[in-house]
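Visitor: predicted model and sequence below, questions to follow.
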Amino acid sequence: MSKQQLSRLKKWEASIDPRGIMGKLSNIFQEIFRLNKTLSEKTELEANEEQFKKASEMV
């Protein structure tokens with residue numbers, strides 16, 4: 001893994017504190033949005049960010 005990937009994983013370490021968990025979920029969703037966009041560009045498919053936003057609002 002790259003240093004950047006390891007840094008992201010380290011940031012995702014969560015405690016049992018509800019605020020901490022929600023903060024980590026926010027960071028994870030940001031990475032999912034970034035990954036979706038990157039993969040969509042590489043495969044020339046629509047990113048469909050609205051669907052991801054709706055899913056993240058359910059959490």
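Guide: Ah, there it is. Please read these numbers as outputs of a predicted model, since none were measured by experiment.

Visitor: drop to CA atoms for contacts and neighbour counts, all remaining ones
Guide: Fine.

Visitor: which helix or strand in this protein has the lowest average pLDDT?
Guide: Ranked by mean pLDDT, DSSP states H and E, the weakest helix or strand in the chain is helix 3-11, scoring a mean of 75.

Visitor: and it, how far out from the chain's middle?
Guide: With Cα atoms, centre = their mean, to the nearest Å as the basis, helix 3-11 stands 13 Å off its chain's centre.

Visitor: only the buried residues of whatever helix or strand comes next after it, if you could.
Guide: Downstream of helix 3-11, the next assigned helix or strand under DSSP states H and E is helix 18-43. By 16 or more other Cα atoms under 10 Å, the buried positions in helix 18-43 come out as K24, L25, I28, F33, N36, K37.

Visitor: ok, how many other residues are close to F52?
Guide: 14 (other Cα atoms under 10 Å).

Visitor: actually S2, not the one I typed
Guide: Using other Cα under 10 Å, the number of residues around S2 comes to 7.

Visitor: so how far is R8 from it?
Guide: Using Cα to Cα, to the nearest Å, we find S2 at a distance of 10 Å from R8.

Visitor: same thing with Q51?
Guide: 24 Å.

Visitor: between those two, which one's more packed in?
Guide: Comparing Q51 with R8 by other Cα under 10 Å, the one with more neighbours is R8, at 14 against 9.

Visitor: what about the more buried one, distance to E46?
Guide: Distance, R8 to E46, by Cα to Cα: 26 Å.

Visitor: and what of N36?
Guide: 9 Å.

Visitor: what do you get for S40?
Guide: Between S40 and E46 the distance is 6 Å, computed by Cα to Cα.

Visitor: try P18
Guide: Between P18 and E46 the computed distance is 34 Å (Cα to Cα).

Visitor: same thing with S56?
Guide: Relative to E46, S56 is positioned 18 Å away (Cα to Cα).

Visitor: D17 now?
Guide: Counting by Cα to Cα, the gap from D17 to E46 is 36 Å.
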